[in-house]
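**Student:** Build me a model from this:
(one chain, ligands or ions: 1)
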Amino acid sequence: MTNKKNNKAVWNTRIKKKTSSLFQRIGSSLAIDKQLYKEDIVGSKAHVEMLFKQKIISFKIKNKIIYGLDKIEKEIKNNKFIFKNEYEDIHMSIEKRLHEIIGEEAGYLHIARSRNDQVITDFKLWMKVSTIKINDEIDKLIKSIIKLAEKNIDTIMPGFTHLKNAQAVSFAHYLMAYIEMFNRDKIRYNNNLDFLNENPLGVGALTGTSFNIDREFTTKKLKFKKPTNNSIDTVSDRDFVLDFLYSSSVCSMHISRIAEELIIWNSDGFNLINLSDQVVTGSSIMPQKKNPDLLEFLRGKTGQSYGDLFSMLTILKGLPMSYFKDLQDDKKLVFSSYDNIINSLKILNEVITNLSPNKKNMLTLAEKGYILATDLADYLTKNHSISFREAYDLTATIVNYAEKNQKNLNELTLDELKKFDSNFNKEVLKIFNLKNSINSKKSFGGTAFSNIKKMIVKYKKIL
Ligand code: ARG
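**Tutor:** Below you'll find the model as predicted:
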């Protein structure tokens, strides 16, 4: 191949006309997949090492190629590499540059390889590292939540169902619920590693190769766990992309639910938490405003994650085997979801670190809405030899009475209670205490302070 020829597309002998310039511009994935340059070079190096070991290329050629690839890596790192859109993607760009540096022998690099297996090898390598980076970020967030929970074990607030006061809880228990969500996200991301650890390299365009290659060798070199089983499936499969986008969508959905909850608690109607000035913004016209913009941003960003997932699902629907250009967009979607989730996790961490509960308001709100009614029904079931349904009815009658007389349950006298059931004695009055209520929920996973402390210890050990 002459140097003049190197400036043209590799298929130039077969395809006589230049590709449509519009398509060349918008069909090029280079602007996106140049992010994969390191993985592309690592993959190529493993590939030529294998070709040499299998006696498919000589020692000299192998070394020349590796020398060129190392040089290219440095050029890209130091912003010296000229990315040309006519080379379509990072794989072509590196191969062409290699030819410029070492000449004809660059042509040996693509023996027993296609861009179809090359691109997913690069992509899987990138996704393995990125998955671990996301989980590190989740760990940091969990640590911040634990810190806040530790300080708030005995901070009492109303737990809600339907956003109506339901039963008393510890604020720390609420926070520990968020940790469960993020812990599941971590496990979900980790589970994706199984498929990411299957090595695609060596399946070629779609059928494998007649060269005597060693896929176990590249598997080890690139720290995969095993080679993929079927060459056609390998170049067609983007399930691992869906897994990543789904995991990111679920994580993003968790972030959005928490963001919405914190927005509600920060509203003037609830006023249960304070956000520091670092995580609010002002208004251009209303001088008094402190708006929870960061949380709103997080809530909204879920749309982007879902969009990425739905785009990929739609690209794959009805797509026959094996490689099609449709698949090229997979990287744009994954990179977008990755940036989104990493930034969202970092922002939420900042919000949590700069958040304090408004303990007085939490307590005041917990005293409204008869949130100890279930405790009374439980007490009656345990101590008055009646069924839970009977106790529920009796409690509802007492709540109706209290509401009509504008009293809280703890403001009812024993004499008043006795009108509903003569068996009442002064023991019942202990029931009308928020802290006692919380601490009575000792069942595994319940909100009792002792349970929360144990959970905090458990998570601290895991991290
Ligand atoms: N840039 C392409 C992509 O990202 C690489 C694979 C191209 N393969 C092909 N036969 N056109 O999907």
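
**Student:** so which strand or helix has the nearest residue to K221 once chain neighbours are set aside?
**Tutor:** Counting by Cβ to Cβ, 6 or more residues apart in numbering, K221 lies nearest to A46, which is 4.0 Å off, once chain neighbours are set aside. Every residue, glycine included, has its C-beta placed from N, CA and C. Element membership of A46 [criterion: DSSP states H and E] is helix 37-53.

**Student:** Give the rounded mean pLDDT of that helix.
**Tutor:** On average, the pLDDT along helix 37-53 is 98.

**Student:** Contact partners for the residue nearest to K221?
**Tutor:** Applying Cβ atoms under 8 Å, 6 or more residues apart in numbering, we find A46 in contact with 201, 217-218, 221-222.

**Student:** count of neighbours near the residue in the stretch 251-400 of the chain that the ligand sits nearest to?
**Tutor:** Here the residue of the stretch 251-400 of the chain nearest the ligand is Q328; by Cβ to the nearest ligand atom that distance is 3.7 Å. Counted with other Cβ atoms under 10 Å, the neighbours of Q328 add up to 18.

**Student:** Chain neighbours aside, what residue packs nearest to it?
**Tutor:** Counting by Cβ to Cβ, 6+ apart, Q328 lies nearest to S29, which is 5.1 Å off, once chain neighbours are set aside.

**Student:** who in this structure is up against the ligand?
**Tutor:** Contact residues, the chain versus the ligand (Cβ under 6 Å from any ligand atom): 29, 33, 89, 115-116, 119, 323, 327-328.

**Student:** One more pass at 5 Å, please.
**Tutor:** Contact residues (Cβ under 5 Å from any ligand atom) of the chain with the ligand: 29, 89, 115, 119, 328.

**Student:** one step back: quick check: the residue of the stretch 251-400 of the chain closest to the ligand touching A31?
**Tutor:** No. If you go by Cβ atoms under 8 Å, Q328 and A31 don't touch, sitting 12.0 Å apart.

**Student:** how about the nearest residue to the residue of the stretch 151-300 of the chain found nearest the ligand, chain neighbours excluded?
**Tutor:** Here the stretch 151-300 of the chain gets closest to the ligand at one residue, A205, 7.0 Å apart by Cβ to the nearest ligand atom. Spatial nearest neighbour of A205, chain neighbours left out: S114 (3.9 Å); criterion: Cβ to Cβ, 6+ apart.

**Student:** now E350
**Tutor:** Leaving aside its sequence neighbours, E350 sits nearest to V279 (Cβ to Cβ, 6+ apart; 6.1 Å).

**Student:** Which pLDDT value does the model give that neighbour?
**Tutor:** Taking V279 on its own, its pLDDT is 91.

**Student:** Kindly report the same for Y306.
**Tutor:** Looking at Y306, its pLDDT reads 98.

**Student:** Touching, it and S249? I think so.
**Tutor:** Yes. Counting by Cβ under 8 Å, S249 is a contact partner of Y306 at 5.4 Å.

**Student:** Quick one: the helices in the stretch 101-250 of the chain, in order.
**Tutor:** With helices called from DSSP state H, counting those that start in this stretch, the stretch 101-250 of the chain shows them at 115-150, 171-196, 215-221, 231-236, 239-266.

**Student:** okay, those helices in a markdown table with mean neighbour count, distance to I156 and mean pLDDT next?
**Tutor:** Converted to a markdown table, these look like this (neighbours: other Cβ atoms under 10 Å; distance: least, Cβ to Cβ, whole Å; pLDDT from 0 to 100):
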| stretch | mean neighbour count | distance to I156 | mean pLDDT |
| --- | --- | --- | --- |
| helix 115-150 | 20 | 14 | 98 |
| helix 171-196 | 18 | 7 | 98 |
| helix 215-221 | 18 | 56 | 98 |
| helix 231-236 | 20 | 56 | 98 |
| helix 239-266 | 21 | 14 | 98 |
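
**Student:** who's in contact with V351?
**Tutor:** By Cβ under 8 Å, 6+ apart, the contact set of V351 is 262, 275, 279, 294-295, 298.
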